[in-house]
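Undergrad: got a sequence here, can you build the structure:
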Amino acid sequence: MALPSPRLAVRALILHEDRLLIVNAFPEAQSDLWCAPGGGVERGSSLPDNLAREILEETGLQIAVGDPVLVNEFHDPGGIFHQVDVYFRASITGGEIGGDWTDPEGVVTLRRFVTRDELATLRHKPDSLAAAAWPAPDAAPVLYDPLEPILR
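TA: Numbering: from 1, shown residues only. Okay, here's the model as predicted:
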């Protein structure tokens, strides 16, 4: 039996007033793990179009998608799950983070903007999230974060 191909997903690095938008993508906030918003790619739609759709669903925000800045991959060493995330810079073009919004799929339960210092105090993935969001002047234009075990 052939193993399934890795799942492809897209994520957005949205900085607003030098604060990064992060989400808790666990029903009923069952985990304290935070990540950039985004999700799985649907066949027949471009990566930027998939990302705009996912961000609207998960945050209620409309975005303009910029350049890719990070490729991250993770897997379940004891199983068959393997995912590749492509992170893009993005800017808000409409909507706002308000208290009355809910993710129609019920995946994202919490959304917040954080500073780099605040992010450092939170459990988050990937480990290179801060470096990609706030790159050093001499950083590579696109970072690669090697395969790592999935965290829950």
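Undergrad: identify the residues contacting residue 85.
TA: Neighbour list for residue 85: 9, 10, 11, 38, 70, 71, 72, 73, 74, 126 [criterion: CB atoms under 8 Å, 6 or more residues apart in numbering]. From N, CA and C alone the C-beta is placed, and that goes for glycine too.
Undergrad: and the top helix by length along the chain, what's buried?
TA: Identified as the longest helix of the chain according to DSSP state H is helix 47-59. Using 16 or more other CB atoms under 10 Å as the test for burial, helix 47-59 gives 48, 50, 51, 52, 53, 54, 55, 56, 57, 58, 59.
Undergrad: C-alpha coordinates for the following helix or strand past it, PDB please?
TA: Downstream of helix 47-59, the next assigned helix or strand under DSSP states H and E is strand 62-75. Taking Å, rounded to 0.1, in the frame of the first residue of the first chain, the C-alpha atoms of strand 62-75 are listed here in PDB:
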ATOM      1  CA  GLN A  62      -9.400  40.100   3.800                       C
ATOM      2  CA  ILE A  63      -5.800  40.100   2.800                       C
ATOM      3  CA  ALA A  64      -3.400  40.900   0.000                       C
ATOM      4  CA  VAL A  65      -0.900  38.100  -0.400                       C
ATOM      5  CA  GLY A  66       2.800  39.000  -0.800                       C
ATOM      6  CA  ASP A  67       5.900  36.900  -1.300                       C
ATOM      7  CA  PRO A  68       6.600  33.500   0.200                       C
ATOM      8  CA  VAL A  69       9.000  33.700   3.200                       C
ATOM      9  CA  LEU A  70       9.200  30.300   4.800                       C
ATOM     10  CA  VAL A  71       8.800  26.600   3.900                       C
ATOM     11  CA  ASN A  72       8.200  24.400   7.000                       C
ATOM     12  CA  GLU A  73       7.400  20.700   7.200                       C
ATOM     13  CA  PHE A  74       6.400  18.500  10.000                       C
ATOM     14  CA  HIS A  75       5.200  14.900  10.400                       C
END
